[in-house]
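> No sequence on hand, only this structure:
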């Protein structure tokens, strides 16, 4: 059995109460408390190994094996679950030997299918390359449009190096259309925003007297979303205040119901026949 490092074992958990303001750390502490407790129980009172399933069977007429679905406990007390049968055939020139199965954990940071809890900027020169925990303007506009404004700006949706000669920029799969405006970054020169005059599948034409290498940053859009985070903060405060009012009203209602219940208790003798 692996020796337990009790300094890393969670022995605290949140004490929930009505109206509590919860943060990410609170849920992580609750999860760690439960998982550490379960892992310590498995590690201390059970041996590591297969709980059920996980049989390995040879696939006839093929140089492959099939691992059945099942569950096991590793030497840290962690539960490993294989939900579906999987086939393994990467043996190459091996004719005999032993099969060892390894696994890895893929930590998911996305909380909901359609809502990203963090993102990174494509333009890492202007912005930081670290993940940013903010909201998406288009998503906020659907539920709280007062907190979102739009204006004209350039988005880095192309972000590729190309070459230009006689006004034609060679770039495959650019996706641009005639009349759109695009930002071009030139060496030793200020960025240029040019209007697309003609397009082919592998190039587009602009009015620019320049030859050589050019960086196609992206196209100009007139619905660039900007989020007013002060408005979101005020909305959060207002929502919290309304929730507090609801909680207070529910507390009063509960007290009244308790008083009614206490007043409705009568001795059994009062209902018995003389």
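Arrived safely. What you see is a predicted model, and the numbers here were worked out from it, not measured in a lab.

> any idea of the pLDDT on residue 219?
At residue 219, the model reports a pLDDT of 93.

> can you pull the contacts of it?
154-155, 157-158, 176, 180-183 (Cβ atoms under 8 Å, 6 or more residues apart in numbering). (Each C-beta comes from the backbone N, C-alpha and C, glycine too.)

> By neighbours, which of those residues wins?
With neighbours taken as other Cβ atoms under 10 Å, the top of the contacts of residue 219 is residue 182, carrying 22 neighbours.

> tell me the helices in the protein, going along the chain?
24-45, 137-143, 229-263 (DSSP state H).

> Leaving aside the residues adjacent along the chain, what's closest to residue 74?
In space, and not counting its chain neighbours, residue 74 is closest to residue 48: 5.6 Å by Cβ to Cβ, 6 or more residues apart in numbering.

> looking at it, that neighbour is touching residue 75, isn't it?
Yes - contact criterion Cβ atoms under 8 Å: residue 48 and residue 75 qualify, at 4.5 Å.

> These two: who's more crowded?
The neighbour count for residue 48 versus residue 75, taken as other Cβ under 10 Å, is higher for residue 48 (16 against 12).

> Please read off the pLDDT at the more buried one from the model.
Looking at residue 48, the pLDDT reads 82.

> got a list of what it touches?
Contacts of residue 48 by Cβ under 8 Å, 6+ apart are 72-75, 77.

> Quick check: of those, which has the highest neighbour count?
Using other Cβ under 10 Å as the neighbour test, the contacts of residue 48 are led by residue 77, with 22 neighbours.

> thought it was touching residue 37?
No - applying Cβ under 8 Å as the test, residue 77 and residue 37 come out as separate, 9.9 Å apart.

> sorry, back to before: could you dump the helices of the chain to CSV with mean pLDDT and mean neighbour count?
Shown next, in CSV, are those (pLDDT from 0 to 100; neighbours: other Cβ atoms under 10 Å):
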stretch, mean pLDDT, mean neighbour count
helix 24-45, 83, 14
helix 137-143, 85, 14
helix 229-263, 85, 11
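
> Distance to residue 56 for the ones you listed - can I get that in CSV?
Listed next are the helices of the chain as CSV, based on distance: least, Cβ to Cβ, whole Å:
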stretch, distance to residue 56
helix 24-45, 23
helix 137-143, 46
helix 229-263, 53
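
> To residue 123, which of those lies closest?
Nearest of the helices of the chain to residue 123, taken as Cβ to Cβ: helix 137-143 at 16.3 Å.

> Which strands and helices lie in contact with the closest one?
Counting contacts by 3 or more Cβ pairs under 8 Å, 6 or more residues apart in numbering; DSSP states H and E, helix 137-143 is packed against strand 148-154, strand 212-227.

> ok and the last one relative to strand 148-154, angle-wise?
Using axes from the mean of the first three to the mean of the last three Cα atoms, to 10 degrees, the inter-axis angle of strand 212-227 relative to strand 148-154 is 170 degrees.
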